[in-house]
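Chemist: Pasting the sequence and the predicted coordinates here, then a few questions.
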Amino acid sequence: MEIIKGGVTAAKGFEAASTAAGIKYQNRTDMALIYSQVPCETAGTFTTNVVKAAPVMWDKQVVDSEKKSQTVVVNSGIANACTGAEGFGYCKETAEAAAKYLSVDAEGVLIGSTGVIGKQLPIDRLTAGIEALAGKKNASLENGTEAAKAIMTTDTCEKELAVTIQIGGKTVTIGGMAKGSGMIHPNMCTMLAFITTDAVISKEALQKALSEDVADTYNMISVDGDTSTNDTALVLANGMAGNPVIEYGTAEYGEFKQALHVINEYLAKKIAGDGEGATALFEAKVIGADTKEQARVLAKAIVCSNLTKAAIAGHDANWGRILCAMGYSGAQFDPEKVDLFFESKAGKIQIIENGTAVDYSEEEATKILSEPEVTAIADVKLGGQTAVAWGCDLTHGYIDINADYRS
């Protein structure tokens, strides 16, 4: 596997574009297009929130059907959530506009929206934006990067990655882009992730690869404990690499899934580290668990603890907050067996052994916790299972951003 430059346009046959449609933001792009030169197999995972945005319902309908897709249209600024029949109708109008300007099947058009909940989209600006996107699309890596920038809301940077692998003597490329900064919580989040690949792969294998992998990537991140209405992760495979078809359960499937995992984990960590107001990516690694699920529950509890996140913001080795979060997680363990470490580029330090504090240097701990990426490692000494979750520190900046988000 090789990491290469690029994102959604890295794979053969994929093009992208961005434009400023004036949906909410001024003086910046706010619409993006992903386009495949040939129809694609699709897979998707979506929010677990009962309140689902119109694009989520639209995309689930497309992914569950036998329709192939060539186009994804994404807007930022307005989420098209809690907008009723009118909002869902705008999805249909968006798809029809894409069909008109791109000569694709409207029933296969995928849609993403992110931003303020409850407002109706200015559909005239949206459809005008699609016309502009159609005229600007190309396969350059630069256009892929600009598309990643256009879908940002409170994000501070674009998020993209691409990798190549060898399948049956053919080079297969997978590229992706994502956005997410707030309303981020396990079981998907206000995150949009779009992944493209030129692999020849069955729809079943593509869906299983994505569904299985989100459990250890997007579903292991949290910024603020709020599960969004708009979470969507989509994968499009156009088959232009020409490799032998990848089927579920084969060795080739395992190789593809591992490459997809690299993309998903990278994007998930970028989302967590770019949390609203954040100054640090906070990683929680639980080792020595009896089961994978136990490890996941404990790791999630640590990164979701607001008190722990505030301690990370203050570079304070307040280990009691971590043990407390593990204790209310619902997972069973013996607190008198837990060892806890903090680690970063500045070093590694043990904080507790068998549930009680060791004689450690607060100064050294503060130095380790002052890095932009910090890890807490909890060994529960029950078995051989491990899980990792990602979050960020909680700062005053989070309140500043969200106190007046609608304005």
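Modeler: Received, thanks.

Chemist: residue ranges of the helices in the stretch 151-300 of the chain, please?
Modeler: Using DSSP state H, counting those that start in this stretch, the helices of the stretch 151-300 of the chain run over residues 203-214, 251-273, 292-304.

Chemist: Show me what the shortest one is packed against.
Modeler: Other elements packing on helix 203-214 under the criterion 3 or more Cβ pairs under 8 Å, 6 or more residues apart in numbering; DSSP states H and E are strand 31-46, strand 232-237, helix 251-273. (Glycine included, C-beta is placed from N, CA and C.)

Chemist: Buried ones in the first one, by neighbour count?
Modeler: Going back to what we said before, that points to strand 31-46. Using 16 or more other Cβ atoms under 10 Å as the test for burial, strand 31-46 gives 31-36, 39-46.

Chemist: Show me which of those residues is closest to Glu336.
Modeler: Distances from Glu336 to the buried residues of strand 31-46, taken as Cβ to Cβ, are shortest for Thr45 (38.7 Å).

Chemist: Does that closest one have any beta-bridge partners, and if so which?
Modeler: Ala233 (DSSP bridges).

Chemist: wait, doesn't it sit right on Leu210?
Modeler: Yes: between Thr45 and Leu210 there is a contact under Cβ atoms under 8 Å: 5.9 Å.

Chemist: Give me the common contacts of those two.
Modeler: Here Thr45 and Leu210 have Ala233 as joint contacts, going by Cβ atoms under 8 Å, 6 or more residues apart in numbering.

Chemist: Please tell me how far Gly384 sits from Glu364.
Modeler: Distance check for Gly384 against Glu364: by Cβ to Cβ, to the nearest Å, it reads 30 Å.

Chemist: Comparing the two, which shows the higher neighbour count?
Modeler: Neighbour comparison, Gly384 and Glu364: the larger count goes to Glu364, with 15 against 11 (by other Cβ atoms under 10 Å).

Chemist: Name the residue most distant from the centre of the chain?
Modeler: Going by Cα atoms, centre = their mean, the residue of the chain most distant from its centre is Asp359, 39.0 Å out.

Chemist: Return the per-residue confidence for that residue.
Modeler: Note on Asp359: pLDDT of 96.

Chemist: do the one 10 residues further on as well
Modeler: What the model reports for Leu369 is a pLDDT of 97.

Chemist: out of the buried residues of strand 31-46, who's nearest Asp290?
Modeler: Using Cβ to Cβ, Thr45 comes nearest to Asp290 of these, at 27.1 Å.

Chemist: mind listing what the closest one touches?
Modeler: 188, 210-211, 214, 218, 232-233.

Chemist: Quick check: phi and psi on the residue nearest to Glu336 when sequence neighbours are not counted?
Modeler: Nearest residue to Glu336 in three dimensions, chain neighbours excluded: Gly355, at 4.1 Å (Cβ to Cβ, 6 or more residues apart in numbering). Per-residue torsions, Gly355: phi 80, psi 0 (degrees, to the nearest 10).

Chemist: Leu340 is in contact with Gly355, correct?
Modeler: No: with contact defined as Cβ under 8 Å, Gly355 and Leu340 do not form a contacting pair (9.0 Å).

Chemist: of those two, who's got more company?
Modeler: Counted by other Cβ under 10 Å, Gly355 and Leu340 do not tie: Leu340 has more neighbours, with 22 against 13.

Chemist: Let me see the mean pLDDT of the host helix or strand of the more buried one.
Modeler: Leu340 belongs to strand 339-344 when assigned by DSSP states H and E. Averaged over strand 339-344, pLDDT sits at 98.

Chemist: try stretch 380-395
Modeler: What stretch 380-395 shows for mean pLDDT is 94.

Chemist: ok, back up a step: reformat the helices of the stretch 151-300 of the chain as TSV; add distance to Glu66, mean neighbour count and mean pLDDT.
Modeler: Formatted as TSV, these follow (distance: least, Cβ to Cβ, whole Å; neighbours: other Cβ atoms under 10 Å; pLDDT from 0 to 100):
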stretch	distance to Glu66	mean neighbour count	mean pLDDT
helix 203-214	8	20	96
helix 251-273	21	21	95
helix 292-304	33	23	95
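
Chemist: how about those helices in TSV, adding distance to Pro55?
Modeler: Shown next, in TSV, are those (distance: least, Cβ to Cβ, whole Å):
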stretch	distance to Pro55
helix 203-214	18
helix 251-273	18
helix 292-304	26
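
Chemist: Compare the ones you listed and give me the one nearest Met152.
Modeler: Nearest of the helices of the stretch 151-300 of the chain (Cβ to Cβ): helix 251-273, 11.1 Å.

Chemist: Who are the packing partners of the closest one?
Modeler: strand 159-167, strand 170-179, strand 192-197, helix 203-214, strand 281-289, strand 385-392.

Chemist: mind saving the C-alpha coords of the second one as CSV?
Modeler: In CSV, the C-alpha atoms belonging to strand 170-179 read as follows (Å, rounded to 0.1, in the frame of the first residue of the first chain):
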residue,chain,number,x,y,z
LYS,A,170,-3.6,-3.8,-11.5
THR,A,171,-3.1,-0.6,-9.5
VAL,A,172,-6.3,0.2,-7.6
THR,A,173,-6.6,3.7,-6.1
ILE,A,174,-8.9,4.8,-3.3
GLY,A,175,-9.3,8.5,-2.4
GLY,A,176,-11.5,10.4,0.0
MET,A,177,-12.5,13.7,1.5
ALA,A,178,-14.5,14.6,4.6
LYS,A,179,-15.8,17.4,6.7
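
Chemist: Mind listing the strands that strand pairs with, and their directions?
Modeler: strand 159-167 (antiparallel), strand 192-197 (antiparallel).

Chemist: which of the ones you listed sits most buried?
Modeler: Mean neighbour count (mean count of other Cβ atoms under 10 Å) peaks for strand 192-197 among the strands paired with strand 170-179, with a mean of 30.

Chemist: hmm, who's touching it?
Modeler: Under the contact criterion Cβ under 8 Å, 6+ apart, strand 192-197 has outside partners 8-11, 14, 34, 36, 72, 74, 112, 114, 151, 172-180, 210, 218, 230-238, 241, 260, 263-264, 267.

Chemist: rewinding a little: quick check: of the buried residues of strand 31-46, which lies closest to Met326?
Modeler: Nearest to Met326 out of the buried residues of strand 31-46 is Thr45 (Cβ to Cβ; 27.4 Å).
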